[in-house]
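Participant: Quick one: sequence and predicted model below, then my questions.
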Amino acid sequence: MTKASTFYKRNYTNGYQAKVEYWSTELAIYTKYEAQDKMLMAKKKLDYFVAKQIEYLNKKQHDLLAERIGVVSQDGFEIKTIQK
């Protein structure tokens, strides 16, 4: 990655819920006014962000589970268990 691309990279620390809500609202508006091209675009965006939100939630759940069982510390570092 170039320096510029890392500078402009968005970080969704709270997931993609806001994007999902935005595009579902846009889809509802376009559906009301029967704008077919914009409906298809909004549906495509909504499908993309719903998949990203599901991926985000699965990763978050996995991280919480790993932290609970002691595989990963709260700082995100892997804890090595000593086997005898």
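Facilitator: Received the coordinates, thanks. Numbering: from 1, shown residues only.
Participant: And for Asn58, the neighbour number?
Facilitator: Neighbour count for Asn58, taken as other CB atoms under 10 Å: 10. Using the backbone N, CA and C atoms, a C-beta is placed for each residue, glycine as well.
Participant: again with Leu46
Facilitator: 19.
Participant: Which helix or which strand is home to it?
Facilitator: Take DSSP states H and E as the rule and Leu46 turns out to sit in helix 36-69.
Participant: List the buried residues for that helix?
Facilitator: Met39, Ala42, Lys43, Lys45, Leu46, Phe49, Gln53, Tyr56 (16 or more other CB atoms under 10 Å).
Participant: Count the neighbours of Glu26 for me.
Facilitator: Residues lying near Glu26 (other CB under 10 Å) number 17.
Participant: Correct me if wrong: it contacts Ala42.
Facilitator: Yes. Assessed by CB atoms under 8 Å, Glu26 is found in contact with Ala42 at 4.5 Å.
Participant: which residues do the two both contact?
Facilitator: Common contact partners of Glu26 and Ala42 (CB atoms under 8 Å, 6 or more residues apart in numbering): none.
Participant: circling back to that earlier point, same list (the buried residues of helix 36-69) but as CSV, adding pLDDT.
Facilitator: Shown next, in CSV, are the buried residues of helix 36-69 (pLDDT from 0 to 100):
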residue, pLDDT
Met39, 96
Ala42, 97
Lys43, 96
Lys45, 97
Leu46, 96
Phe49, 95
Gln53, 93
Tyr56, 91
